[in-house]
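**Student:** let's see this in three dimensions:
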Amino acid sequence: MGRQHWKKIWVGSAGNMVEWFDWFVYASFATYFAGAFFPSGNPTAQLMNTAGIFAVGFFMRPVGGWLLGRVGDRKGRKAALTLTVTLMSASAVLIAVAPTYGVAGYGGALVLLVARLLQGLSVGGEYAASATYLTEASDPRSRGFASSFQYVSMTAGQIAGLGLQIILQRTMSDAALHSYGWRIPFVVGALGAAVIFYLRRSMLETEVYAEDTSHADERGTLRALWRHRREAFLVVALTMGGTVAYYTYTTYLTKYLSNSAGLSKQTATLVSFTALIVFACLQPLAGRLSDRIGRRPLLITFAVGSTFLTVPIMTLLRHADGYWSALGLALLALIVVTGYTSINACVKAELFPTGVRALGVALPYALANALFGGTAEYVALWFKKAGVESGFSWYVAGCAAVSLVVYVTMRETKDLDLARTRADEESGESSLTTAS
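**Tutor:** Okay, here's the model as predicted:
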């Protein structure tokens, strides 16, 4: 892979890291600011309120997917990536200065809600623009490896958030963290986004997009996407199991270990931090493997593992009595999830031609995340409040089972030409058909 390819991957990944730092610090610091925006009472109810606002952000992702996916296909990947990081910076500033319930009543929660809506709009376009950019910028023989850096950067953003949380936990009192310390990561996120905005202004456009000869009026339109509705449905279905599992073992894991297993917040945070470092290192290895053996074997391995191991892993995690036992189980779960996360970006991008690729990835992926990923934490807390916490494990396993059917029946995408035209699509097999 040449120097220019690496430069494109670096700039795309660095911005993605800041985007997801801002996105995930909301979840990782929720235990500290949940009481700041809502009346005192049941801690689980407060967490459900903040988790509900977290989920609302996901429901803006389809809007962001449509709007910014359209920008990415019509104005270029660079334009979409620059716009997404601008929106994310604005949302981080809003959360950092939001007034508490004691100062403005539910006005603070309203500011929090607006900020999450902006974050949802931004991330709804960021995923697709980043996935498309990283896939198109890479050598055709290493698309799996290159696109795996999307989840490396996403995970790096979360690691940075958790790392900052660990530092704050060890340098500030619990009372100070609940009072004002939780605002610090959002200030850091806003500053990081400003730096990435500067870098993205000078980033290079991908050759695949620059050389695209499709009609300008067709690029990024819903009409063009409708012609690829089978592929769009495929994106929703293959995302379903992966996104639920990913958010279960990343954003929800810390709360699960502290709220259900009874581990201290510090221990739970350290478990997540360590597991995510290993998880990030696994992504390029799995991506490289997919360039050799194909995407489907990894997806199928993930779905089989998630279907049959989720209930045992979650049950054992609930009874984890210390750092090492919890870490071992978390690593097992994340190794399984790697089969999905390492390659899902390039798989989705490979399904669509250039003129509708950003929108084709963005909108159906955002819909799937709104329905399954964004609600995962809320569903988990609902099961807990209802007294049937184990029901959530079966829910995660069921979602993975549905995706397994899709992985088994879809065709391999590894060798598809990213520069193919609509005519090429019509003369070939459907993406829903299994390759021979």
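**Student:** V93 touches A190, doesn't it?
**Tutor:** Yes: because the distance of 4.8 Å satisfies C-beta atoms under 8 Å, V93 is recorded as touching A190. Every residue, glycine included, has its C-beta placed from N, CA and C.
**Student:** burial count for R223?
**Tutor:** For R223, the count of nearby residues is 9 (other C-beta atoms under 10 Å).
**Student:** name the helix or strand for it, please.
**Tutor:** Element membership for R223 (DSSP states H and E) is helix 222-226.
**Student:** that helix packs against which elements?
**Tutor:** Applying 3 or more C-beta pairs under 8 Å, 6 or more residues apart in numbering; DSSP states H and E, we find helix 222-226 packed against helix 357-368.
**Student:** just the buried residues of the helix it packs on, please?
**Tutor:** 357-368 (16 or more other C-beta atoms under 10 Å).
**Student:** do stretch 177-191 as well
**Tutor:** In stretch 177-191, counting by 16+ other C-beta under 10 Å, buried: 177-178, 181-186, 188-190.
**Student:** those residues in helices, which ones?
**Tutor:** Secondary structure from DSSP state H places 177-178, 184-186, 188-190 of the buried residues of stretch 177-191 in helices.
**Student:** dump the residues you listed to TSV, plus distance to R318 and pLDDT.
**Tutor:** Shown next, in TSV, are these (distance: C-beta to C-beta, whole Å; pLDDT from 0 to 100):
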residue	distance to R318	pLDDT
L177	26	87
H178	26	83
I184	31	94
P185	28	92
F186	31	91
V188	33	93
G189	32	91
A190	36	90
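**Student:** what's the farthest-apart pair in the buried residues of stretch 177-191?
**Tutor:** Every pair in these was compared (C-beta to C-beta); the two farthest apart turn out to be H178 and A190, at 21.3 Å.
**Student:** and T413, what helix or strand is that in?
**Tutor:** Going by DSSP H and E, T413 is not in any helix or strand.
**Student:** can you report how many residues neighbour the nearest residue to it once chain neighbours are set aside?
**Tutor:** Distances taken as C-beta to C-beta, 6 or more residues apart in numbering place E350 nearest to T413, at 4.0 Å, with adjacent residues excluded. Close neighbours of E350, defined as other C-beta under 10 Å, add up to 25.
**Student:** out of the buried residues of helix 357-368, show me where the pLDDT dips lowest.
**Tutor:** Lowest in pLDDT among these is A366, which has 87.
**Student:** distance of it from G57?
**Tutor:** 11 Å (C-beta to C-beta, to the nearest Å).
**Student:** mind listing the helices for the stretch 51-200 of the chain?
**Tutor:** Here the stretch 51-200 of the chain has its helices, by DSSP state H, counting those that start in this stretch, at 61-74, 77-97, 101-104, 107-137, 143-147, 149-171, 174-179, 184-201.
**Student:** ok, residues contacting the last one?
**Tutor:** Translated: helix 184-201. The contact list for helix 184-201, computed with C-beta atoms under 8 Å, 6 or more residues apart in numbering, reads 11, 14-15, 18-19, 21-22, 25, 29, 78, 81-82, 85-86, 88-89, 92-93, 95-96, 161, 164-165, 168.
**Student:** please pick the buried ones from those.
**Tutor:** The buried subset of the contacts of helix 184-201 (16+ other C-beta under 10 Å) comprises 11, 14-15, 18-19, 21-22, 25, 29, 78, 81-82, 85, 88-89, 92-93, 95-96, 161, 164-165, 168.
**Student:** before we move on, back to that, measure the residue nearest to T413 to F145 for me?
**Tutor:** Distance from E350 to F145, by C-beta to C-beta: 14 Å.
**Student:** same deal with S393?
**Tutor:** From S393 across to F145, the span is 33 Å (C-beta to C-beta).
**Student:** in the one helix or strand G287 maps to, what's buried?
**Tutor:** Assigned by DSSP H and E, G287 belongs to helix 265-293. Within helix 265-293, the residues scored as buried using 16+ other C-beta under 10 Å are 265, 267-276, 279-280, 282-284, 286-287, 289-291.
**Student:** is it true that S290 touches A146?
**Tutor:** No: contact criterion C-beta under 8 Å: S290 and A146 do not qualify, at 11.1 Å.
**Student:** any idea where the strands of the stretch 251-400 of the chain begin and end?
**Tutor:** Shown for the stretch 251-400 of the chain, no strands are assigned by DSSP state E, counting those that start in this stretch.
**Student:** where in it is pLDDT low?
**Tutor:** Across the stretch 251-400 of the chain, nothing is flagged by pLDDT under 70.
**Student:** try 80 this time
**Tutor:** 251, 374 (pLDDT under 80).
**Student:** will you turn the ones in helices among the buried residues of stretch 177-191 into a markdown table that also has distance to Y340?
**Tutor:** Compiled in a markdown table, these are given as follows (distance: C-beta to C-beta, whole Å):
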| residue | distance to Y340 |
| --- | --- |
| L177 | 33 |
| H178 | 35 |
| I184 | 32 |
| P185 | 27 |
| F186 | 29 |
| V188 | 29 |
| G189 | 26 |
| A190 | 31 |
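**Student:** ramachandran angles for R227?
**Tutor:** In terms of degrees, to the nearest 10, the main-chain angles of R227 are phi -70, psi -20.
**Student:** that one and S214, how far apart?
**Tutor:** For R227, the distance to S214 - C-beta to C-beta - is 12 Å.
**Student:** repeat for K348
**Tutor:** 19 Å.
**Student:** neighbour count for those two, which is higher?
**Tutor:** The neighbour comparison of K348 against S214 (other C-beta under 10 Å) goes to K348, with 28 against 15.
**Student:** name the nearest residue to the more buried one, ignoring sequence neighbours.
**Tutor:** Nearest residue to K348 in three dimensions, chain neighbours excluded: V361, at 4.6 Å (C-beta to C-beta, 6+ apart).
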